[in-house]
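Visitor: Compute the structure for the input listed below.
(chains A and B)
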Amino acid sequence: MGPKVIQHATKKYCIKFNPKILFVFILTILFVKTSIAQNFSLTGRVIDNSSKENVFATVYDTVSKTGEATNEQGKFSLLLSKGEHIIRVNCIGYKEWIETINLTKDTTINFTLQTNVSFLKEVVITSQIADQNISSTEIGIETLSKRQIERIPIIMGETDILKTIQLLPGINSVAEGNAGFIVRGGGLDQNLMLMDEMPIYYATHMQGLYSVYNSAAVSSLTIYKGGVPARFGGRSSSVLDVRMVNSNLNELKGEISTGLITSKFAVEVPIVKNKLSVFLAGRSSQAGFGYMYDQLGSDNSTDDKGTMVNTFFEPEQWFYDINGKIIYQINAKNRVTYSLYQGRDNGFTGGGLTRWGNTAMHLKWFSQLNTKWISNTSVIYSKYQTHAVNGPYDFASSIGTYSIKEESSFIPNIKNHWRFGFQSEYQDFNHGSLLDNTQSDGGKFMPPMQGLETALYIENEQQITEKLSALYGLRVSMYNKLGSGNSNVYDPNTNLSISQKYYANPTDIIQIYVNPEPRISATYLLSDTHSIKASYNRNAQYLRLMTLGSDITWYDIWMPSTENISPILTDQLAVGYFRNFMNNKLEFSTEAYCKIQDGVSDFEDGLHNFLVNNLEAYVAQGKAYGIEISLEKPRGDFTGRVSYNLGRSMMQIDNINQGRWYNSMFDITHSLNLLSSYSFTKALNGVTLSANFVYYTGRPATLPESYYTIGGVAFPYWEARNEYRLPDFIRMDFGIKYEPKYLAIKTKKPNEKLQPVLDISFYNVLNRRNIYSIEFANSTIGKGTAATPTNNFTPYGRSTFGFIPSFQLTLKF
Amino acid sequence: MKNTAILFLIIVLLNSCTEGLHEAIVPIELNVNDIGIITVMDAKIEKDSSAWVQLSYSNDINNPYTAEPIYEPNATVQLSANNGIQETLVYTGSKGTYKGNSIKGSVGTNYSLTITIND
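Guide: Numbering: from 1, shown residues only, chains lettered A, B, ... in the order given. Below you'll find the model as predicted:
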């Protein structure tokens, strides 16, 4: 049994700082400690040559054929017989270290592994152990590395992670080309979007076409569709945890890239070797080929509304992003990082110039208190703001959050990994204000509001028995709506405020909500190749984005829970079966989920969210359920994935559809995604071909069955909301990536090259015009304007994109 | 020379993709449910003036647009105020409109309408 297990361990890959794979090695560690006569211990630590971080490696003695994996602190301990041993230390992404030792007494030896630069790019993809999907407690979780993202054809001229995740099972696009996404039938504002732990409140550029995540600055992303650990909270459907590049402390690295939509760069600069390092990335639409092409002015035209449009951008439309990170390694046990993001959009809207964007900062202190205890202390600031100027009309709105966060990681033994901590976030809402309140729309906005969201949590990832492991925890969240401000009582018929109470002090509590949020996910290994998993979690959400229809727009406002709008509470139950075939080459999984939501909201018929001062929506119940099936080949020259999702998402509100359950805006019945890519290794070396196929049922739509006429003006009449559907969505993309090895420019240092990469992609090769909204030929219908007599009300569909070829040229060093 | 060729290629590529980048409006086939005809009532009462009611019928969305709907000339329209006063509105003879006479709108009074459509 012993040797078999050891072989098992050395075959696996390893990863730095991933506690989850600890469990896989438990058996190994249990079995290697067999007693041998005249034994000495060989102990030590494995660290990274440049960063001095612990490396999760395997230490293997080829003589006695025993070995073990290093623990969270990079430490190992072997019991070996007296005499000569050949120790091999391995970790994917590092060069193997082989050391011959003559053991005559208890010995301590530290190994310093050098990163294998040429191989490092691949690390990300293979850094998971091959059967991680089977043995981990993760259910409803998808992880993508930069390498995986890069293997997918570029969508609409720009590598974009929010587009990429829409190709995963259970995640759907809300509209073509829109970075807004639906997770398991949940609303767009129910996704917590993090960038190095900083919350992002408006995650897109150009009205949703591109996300704020600069792909050159992203190192990996994890999306939790369910099974959300207790350390995350605040949104009820998903958590998108995006990690930006950690600057290399040892050597200069970077990439520059140029494409149709943007040009971008990312550079990692060690200022003081092994001590201080700076990462900087930037992206600008004005440096892209599209913008330059527009400047030639050869293809300017007008759209159906009569507005001048260029080929790529509207006049005055541009955006940029800046990502920065400073890493300061104080000593072996303490590190301070500072992350910064700033992005801005500029657009010509409503006759004036409008600018909007996010600014976020995160200061984090990582401290290893002792061998078992790691503490992370953070101060986080994030603000989304808009500013529109049109003559004397000077409008601004914002949401700003200031939070303090402490998380401790405690690993008492190899079977347990505890995490506990707290987060407290002060939220400041400016729901719209005019610089000059005497302007005609002055006072037509919601008053400013403030809130404090606090949470305490504890969780443990535990290997309970050989076959059973679980991640369980509890999060207790509290929301305080704070002064100054009014609490309102509304008339149920007229929706007008009938009484108010004013709270003057910033410390006055207008409303308080407390919610315990239990979270548990468990895995039971049926064998090495298959397992069953189950999870239950409750998520409380205190903020809502007041969007109308399906698109998120720059002027949508975030609303806190108030005395009239209770928080969204979501209970999600999921079960899954995971199975690997062909020696872990093929991964099959299926998950069924059921979500019950209380407190989701929808608008009353005919309401709008712009220039209203008492926006408090109807609160409803929601439910969503479905099943996801996925078959994936994650590694090798050929990678691919087929996934299918059958889902349902419904709502029930007393005032809509006579209180009947109806399809929510996010109800997508069938969804099928195919991803594939093939890297040539012999002939055509350096070429990767990839293809996507996407199919999903059209989203629900409300259509008028009849119209009525009052005073010569036609008004649409519909019997029920979301009774119909948009046509089904079908799209196919192709991509070619070419990394010509012969064009690689050698530098002075060995193993270092300037590698050019050319990406050519063909979006929507079928040139199918997918419909995202339906309108009628008398498009003024419903807006109080007379329709042209003799016309029929002919339905037309609006489609965003047809066939789009694009390219991107990248130089990596 | 090579640079010019590359530039030319890029321009060609860019030109070929301009079509797909633009929003398109495409006709589609829709089949909405037949929900029948719905009675439409438009009514008003203002301060110090008598009541006015117009009765008409909705039109199917697939039918050609007509500015003039089908009106209902043959209804009994009764107006009652919460102070107990009642009156029957009189058909004006055109466009489905019925007018009151004795009851004038006053602030703070609730009014209700009872409409019976006669076959």
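Visitor: In three-state terms, label the most centrally placed residue in chain A for me.
Guide: Geometric centre of chain A, nearest residue: A:Leu240, 2.6 Å, by C-alpha atoms, centre = their mean. Using DSSP: H, G, I helix; E, B strand; the rest coil, the secondary structure recorded for A:Leu240 is strand.
Visitor: show me what contacts it?
Guide: A:165, A:191-194, A:221-224 (C-beta atoms under 8 Å, 6 or more residues apart in numbering or on different chains). Just so you know, the C-beta spots here come from the backbone N, C-alpha and C atoms, and that holds for glycine as well.
Visitor: Mind checking which of the residues you listed are buried?
Guide: For these, a burial check counting by 16 or more other C-beta atoms under 10 Å in any protein chain shown picks out A:165, A:191-194, A:221, A:223-224.
Visitor: I'd like the next helix or strand past the longest strand along chain A.
Guide: Longest strand in chain A, counting residues (DSSP state E): strand A:393-413. For strand A:393-413, the succeeding helix or strand toward the C-terminus, using DSSP states H and E, is strand A:416-434.
Visitor: between whatever helix or strand comes next after that next one and strand A:393-413, how big is the angle?
Guide: Following strand A:416-434 in sequence order, the next helix or strand is strand A:449-463 (DSSP H and E). Here the directions of strand A:449-463 and strand A:393-413 differ by 20 degrees (axes from the mean of the first three to the mean of the last three C-alpha atoms, to 10 degrees).
Visitor: Show me what the following helix or strand past strand A:449-463 is packed against.
Guide: Beyond strand A:449-463 in the direction of the C-terminus, DSSP H and E gives the next helix or strand as strand A:468-482. Secondary-structure packing of strand A:468-482 (3 or more C-beta pairs under 8 Å, 6 or more residues apart in numbering or on different chains; DSSP states H and E): strand A:449-463, strand A:509-525.
Visitor: and these as a markdown table, adding distance to A:Ser285, mean neighbour count and mean pLDDT?
Guide: Formatted as a markdown table, the helices and strands packed on strand A:468-482 follow (distance: least, C-beta to C-beta, whole Å; neighbours: other C-beta atoms under 10 Å in any protein chain shown; pLDDT from 0 to 100):
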| stretch | distance to A:Ser285 | mean neighbour count | mean pLDDT |
| --- | --- | --- | --- |
| strand A:449-463 | 33 | 20 | 94 |
| strand A:509-525 | 40 | 18 | 94 |
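Visitor: Identify the residues contacting the nearest residue to A:Ser41 once chain neighbours are set aside.
Guide: Nearest residue to A:Ser41, sequence neighbours excluded (C-beta to C-beta, 6 or more residues apart in numbering or on different chains): A:Asp106, at 4.8 Å. Neighbour list for A:Asp106: A:40-43 [criterion: C-beta under 8 Å, 6+ apart].
Visitor: out of those, which are inside helices?
Guide: Among the contacts of A:Asp106, no member falls in helices (DSSP state H).
Visitor: count of neighbours near the residue of chain A found nearest chain B?
Guide: Distances between chain A and chain B by C-beta to the nearest C-beta are smallest at A:Gly802, namely 3.5 Å. By other C-beta atoms under 10 Å in any protein chain shown, 19 other residues sit near A:Gly802.
Visitor: wouldn't it be in contact with A:Asn770 here?
Guide: No - counting by C-beta atoms under 8 Å, A:Gly802 sits too far from A:Asn770 to count as a contact (9.3 Å).
Visitor: Give the intersection of the neighbour lists for the two.
Guide: Common neighbours of A:Gly802 and A:Asn770 (C-beta under 8 Å, 6+ apart) do not exist.
Visitor: what kind of secondary structure is the residue in chain B that chain A sits nearest to in?
Guide: For chain B and chain A, the shortest gap (C-beta to the nearest C-beta) falls at B:Gly20, measuring 3.5 Å. Three-state call for B:Gly20 (three-state DSSP): helix.
Visitor: re earlier: can you tell me how far the residue of chain A closest to chain B sits from A:Arg538?
Guide: 44 Å (C-beta to C-beta, to the nearest Å).
Visitor: now do A:Leu192
Guide: From A:Leu192 to A:Arg538 the distance is 15 Å (C-beta to C-beta).
Visitor: Please enumerate the strands of chain B.
Guide: Under DSSP E, chain B gives strands at B:24-27, B:39-44, B:50-57, B:59-60, B:75-81, B:86-91, B:97-104, B:111-117.
Visitor: May I see those strands organised as JSON lines, with mean pLDDT added?
Guide: Output for the strands of chain B, formatted as JSON lines (pLDDT from 0 to 100):
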{"stretch": "strand B:24-27", "mean pLDDT": "82"}
{"stretch": "strand B:39-44", "mean pLDDT": "90"}
{"stretch": "strand B:50-57", "mean pLDDT": "90"}
{"stretch": "strand B:59-60", "mean pLDDT": "88"}
{"stretch": "strand B:75-81", "mean pLDDT": "89"}
{"stretch": "strand B:86-91", "mean pLDDT": "89"}
{"stretch": "strand B:97-104", "mean pLDDT": "88"}
{"stretch": "strand B:111-117", "mean pLDDT": "89"}
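Visitor: show me the contacts for the nearest residue to A:Gly473 once chain neighbours are set aside.
Guide: Nearest residue to A:Gly473, sequence neighbours excluded (C-beta to C-beta, 6+ apart): A:Glu459, at 2.7 Å. Shown in contact with A:Glu459 (C-beta under 8 Å, 6+ apart): A:229-231, A:418-420, A:471-474, A:519.
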